[in-house]
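>>> mind looking at a prediction? Sequence and model below.
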Amino acid sequence: MVTADFGSFGPARGSTSVRTVGWEVVSVTQVKSTDSGATRPSIAGAWRNQLGSFLTVEVDDDGVIRGTFHTGTGSTPDKTYPVVGFCDADRIGMFMVLGFVVNWSDNQSITVWSGLYDAEAGTIDATWLMTSETGSADEWKATMVGHDVFRRAAF
């Protein structure tokens with residue numbers, strides 16, 4: 001069992017985790033249980049969105065997402081940033097809810113994505129919120145909203 005400690009970021013899931021025993025890799029997008037024959041989606045791997053940004057993801061048994069985000073836009077288009085998040089790793093079926101965060105540390109902003117992985121379509125559809133530091137007079141424009149579609153990408 002893996003326990004994650006994110007301090008004030010969010011609760012560790014170790015106390016509520018379920019051990020997954022008897023799983024075998026069926027394909028890049030699915031994992032099959034050797035115990036029940038059921039399949040569950042997997043988001044592990046490389047992804048590319050419509051703007052040319054690359055996301056690489058690893059997921060542990062507790063649904064903790066870790067990876068990197070190489071942005072294709074903005075003021076630092078050639079920089080890679082760490083990714084952390086959560087997904088419903090115990091979900092059996094073709095869909096999975098997920099969310100992840102990138103701290104654009106050199107730009108004083110943070111983006112969060114929340115969305116749905118569709119194993120059949122091979123996509124992650126996610127809405128994002130990006131909040132940037134602003135002065136109090138510009139607080140009204142601190143957060144932008146958008147949508148990304150990520151598709152599987154070759155390494």
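Received the coordinates, thanks.
>>> which of the residues in the helix or strand where residue 100 lies are buried?
Under the assignment given by DSSP states H and E, the secondary-structure element containing residue 100 is strand 95-104. In terms of neighbour count (16 or more other Cβ atoms under 10 Å), strand 95-104 has its buried residues at 96, 98, 100-102, 104. Just so you know, the C-beta spots here come from the backbone N, C-alpha and C atoms, and that holds for glycine as well.
>>> show me what contacts the closest residue to residue 99 other than its chain neighbours?
Using Cβ to Cβ, 6 or more residues apart in numbering and skipping the chain neighbours, the partner closest in space to residue 99 is residue 114 (4.4 Å). Counting by Cβ atoms under 8 Å, 6 or more residues apart in numbering, residue 114 makes contact with 97-99, 126-128.
>>> partner residues bridging residue 114?
Legend: beta-bridge partners of residue 114 under DSSP bridges are residue 99, residue 127.
>>> and residue 95, by the same measure?
With DSSP bridges applied, residue 95 shows beta-bridge pairing to residue 118.
>>> how about residue 143?
In beta-bridge terms (that is, DSSP bridges), residue 143 pairs with residue 131.
>>> quick one: secondary structure of the residue in the chain sticking out farthest from the centre?
Within the chain, the residue lying farthest from the chain centre (Cα atoms, centre = their mean) is residue 137, at 32.8 Å. The assignment at residue 137 comes out as helix when based on DSSP: H, G, I helix; E, B strand; the rest coil.
>>> distance check, the closest residue to residue 79 other than its chain neighbours against residue 119.
With Cβ to Cβ, 6+ apart as the measure, residue 71 is the residue that lies nearest to residue 79, at 6.7 Å, once sequence neighbours are left out. According to Cβ to Cβ, to the nearest Å, residue 71 and residue 119 sit 26 Å apart.
>>> okay, the two: which has more neighbours?
Set side by side, residue 71 and residue 119 show more neighbours around residue 71, with 22 against 19, by other Cβ atoms under 10 Å.
>>> I'd say that one and residue 81 touch.
Yes: under the criterion of Cβ atoms under 8 Å, residue 71 lies in contact with residue 81, with a separation of 7.2 Å.
>>> how near is residue 84 to residue 124?
Using Cβ to Cβ, one gets 16 Å for the distance from residue 84 to residue 124.
>>> that older thread, dump the buried residues of strand 95-104 into a markdown table; add pLDDT as well.
Formatted as a markdown table, the entries for the buried residues of strand 95-104 read as follows, by pLDDT from 0 to 100:
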| residue | pLDDT |
| --- | --- |
| 96 | 93 |
| 98 | 97 |
| 100 | 98 |
| 101 | 98 |
| 102 | 97 |
| 104 | 93 |
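>>> all set now, cheers.
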